[in-house]
Every structure is written in C-alpha cells, then in structure tokens.
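**Student:** Here is my input, please return the structure:
(one chain, ligands or ions: 1)
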Amino acid sequence: MNIIQYIIMIVSVNISVLGNIQVFSVTPQIKLVIQQGDITRCSVDAIVNAANEQLLGGGGVCGAIFNAAGWDELQKACHRVPRVYPGINNVRCPVGEARITKSFNLLDRGVRWIIHAVGPDCRVIKDENKQNERLMKAYQSALRCAVEHEDIHSLAFPFISSAIYAFPPQRAARIALETTIAFLKNHQSNLKEVHFVLFSQDDYDLFYNKVEEVL
Ligand code: AR6
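**Tutor:** This is a model prediction of the structure:
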C-alpha cells in the first residue's frame, strides 16, 4: 500500500466511525449538533438515557448506556433513586420526568453524568395529545436537570421513545427539536452544546431535514 492509499484508508475509517455530523447555532453562545452514531461514544459532560419508569437496565440505547457505564454499578445507583409511590410500585421516574446519576465507567470517555428521561410508551398511551405532551416534558425535564448542574456544558440526547416505545418518528423529531430549541432560547444556562445522536441514517436525515424548519 502506498502513502496515498494509506491516507485514504485512515480518512474513510474515521468518517465511518464518526458518521455524519452537522452543527447549527441556536444562539450566538449555544450550538446544536446533529450527528449519527453511538451516544456512548459521544464526549460530552452528560448523556441522556431513554429510560423506563422503574429505571431498570433495558434494551436499545438504555442497554448500550448500561453496558458502557457498567451494568451493576449503574443499576445500583438507579435503585438508590427514591421510589415515587413507596409500597405501591417501583416507579422512580414517572413518564415525562428525569433523574440524574453518575456515569461510572463512562467517566473514562469524559462523560460525568447520565440523565435518565422517560418518554411515553405509545403502545400504552394511545391519545396523541398525551403522547406529545409527555414527550415534550421528558425533553424539558432532562434539560432542566442539566441546567441545575452547573458543571454540565455539553449534553447529548438520543431519539427518545422512537423505537421500543413506538412513537411515530416524524412527530417525535419535531417535538424533540422544537422543545429543545425553545428551551435553550428561553433559559439562561451554562449549556454551550446540545447534541442529538441518531443511531440510523434515516433518523439522522429526519433530524437534518427538520432542524432548518424549526430553527
Ligand atoms: N446510541 C444512540 N442511539 C441509539 C443507540 C446508541 N447506542 N442504540 C439505540 N439507539 P429505544 P425508547 C436509538 O428503543 O423507544 C429500553 O428498554 C434507537 O435507534 O432505546 O425510548 C428502556 O429501558 C432509537 O432511535 O428507546 C425503555 O424500557 C432511540 O435510540 C424503553 O427501551 C431510542 O430507542 C425505551 O424505549
């Protein structure tokens, strides 16, 4: 292999690892980053988990985050979050709310916090207005949690509720972007960067096409 072929190989490997990425300005101080990839590889102060009400390790992005953080330690930290209705059930974070834990092994990748946000499960909540309102609240709660921690300057979201919880993606993407952009424009905070990390090319294209309509 000659030097040119070697350089081409290195550049294309890096592009495929990083995936697509686009940066937009929400305000002169705050950037919105739309990127394709694995959220556990994102070097930000806090990542958001698409969690369940019990804060149990699960599948999808939740499973990836638990695996990367260290399943047992993160599960123990989630179990230390108080139950909302003690003695009745194990709900620790109702739909539309968020809770924060440490990040354990993700600290090695620069991530200090995990914000667990629960979106609506559309297999259970069938009313569209309720689905929309609860998804909006999940994003707002996660953002509020980030703002309350002054050491969080950068935050990454996955596409909450869009897979196992079956939220229609077009509507979910609009809510994710509108809610986040409105929040960032209307709240003073230490946040400088908010990322949406989309796992698939289709979801990346969806966000990329929607963001300019919303900004
Ligand atoms: N990085 C970024 N995004 C990812 C990753 C990853 N490593 N893996 C999957 N996604 P889902 P939900 C995307 O199903 O619909 C869990 O069991 C995926 O492609 O993870 O909110 C929880 O414990 C999709 O676009 O979350 C809950 O019980 C997005 O993440 C329930 O699933 C969200 O998909 C939550 O379901």
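
**Student:** now residue 144: how far from residue 100?
**Tutor:** According to CB to CB, to the nearest Å, residue 144 stands 11 Å off from residue 100. In this view, the C-beta of every residue, glycine as well, is placed from N, C-alpha and C.

**Student:** list the buried ones in the helix or strand hosting residue 204?
**Tutor:** Using DSSP states H and E, the element containing residue 204 is helix 201-214. By 16 or more other CB atoms under 10 Å, the buried positions in helix 201-214 come out as 203, 204, 206, 207, 208, 210, 211, 214.

**Student:** Run through the helices of the protein in chain order.
**Tutor:** Using DSSP state H, the helices of the chain run over 3-18, 60-69, 71-79, 128-148, 169-186, 201-214.

**Student:** can you pull the buried residues of the second one?
**Tutor:** Looking back up the chat, that one is helix 60-69. Neighbour-count burial for helix 60-69 flags 60, 61, 62, 64, 65, 66, 68, 69 (criterion: 16+ other CB under 10 Å).

**Student:** my guess is residue 102 contacts residue 113, does it?
**Tutor:** Yes. Using CB atoms under 8 Å, residue 102 makes contact with residue 113 at a distance of 6.8 Å.

**Student:** The two: which has the busier surroundings?
**Tutor:** The neighbour count for residue 102 versus residue 113, taken as other CB atoms under 10 Å, is higher for residue 113 (21 against 14).

**Student:** Could you give the bridge partners of that one?
**Tutor:** Bridge pairing for residue 113 (DSSP bridges) gives the partners residue 46, residue 102.

**Student:** so who does it touch?
**Tutor:** Counting by CB atoms under 8 Å, 6 or more residues apart in numbering, residue 113 touches 45, 46, 47, 100, 101, 102, 103, 149, 152.

**Student:** quick revisit: compare residue 144 and residue 100 (neighbour count), which wins?
**Tutor:** Taking other CB under 10 Å, residue 144 and residue 100 do not tie; residue 100 has more neighbours (20 against 16).

**Student:** From residue 25, how far out is the more buried one?
**Tutor:** Going from residue 100 to residue 25 by CB to CB gives 27 Å.

**Student:** next one: residue 92
**Tutor:** Relative to residue 25, residue 92 is positioned 36 Å away (CB to CB).

**Student:** okay, the two: which has more neighbours?
**Tutor:** Neighbours were counted for residue 92 and for residue 25 using other CB under 10 Å; residue 92 has more, 23 against 10.

**Student:** measure the more buried one to residue 175 for me?
**Tutor:** Distance, residue 92 to residue 175, using CB to CB: 24 Å.

**Student:** now swap in residue 58 and tell me
**Tutor:** With distances taken as CB to CB, residue 58 is found 22 Å from residue 175.

**Student:** what's the answer for residue 85, then?
**Tutor:** Look at residue 85 and residue 175: by CB to CB, they are 27 Å apart.

**Student:** More neighbours: these two, which one.
**Tutor:** Neighbours were counted for residue 85 and for residue 175 using other CB under 10 Å; residue 175 has more, 22 against 10.

**Student:** residues contacting the more buried one?
**Tutor:** 132, 135, 136, 139.
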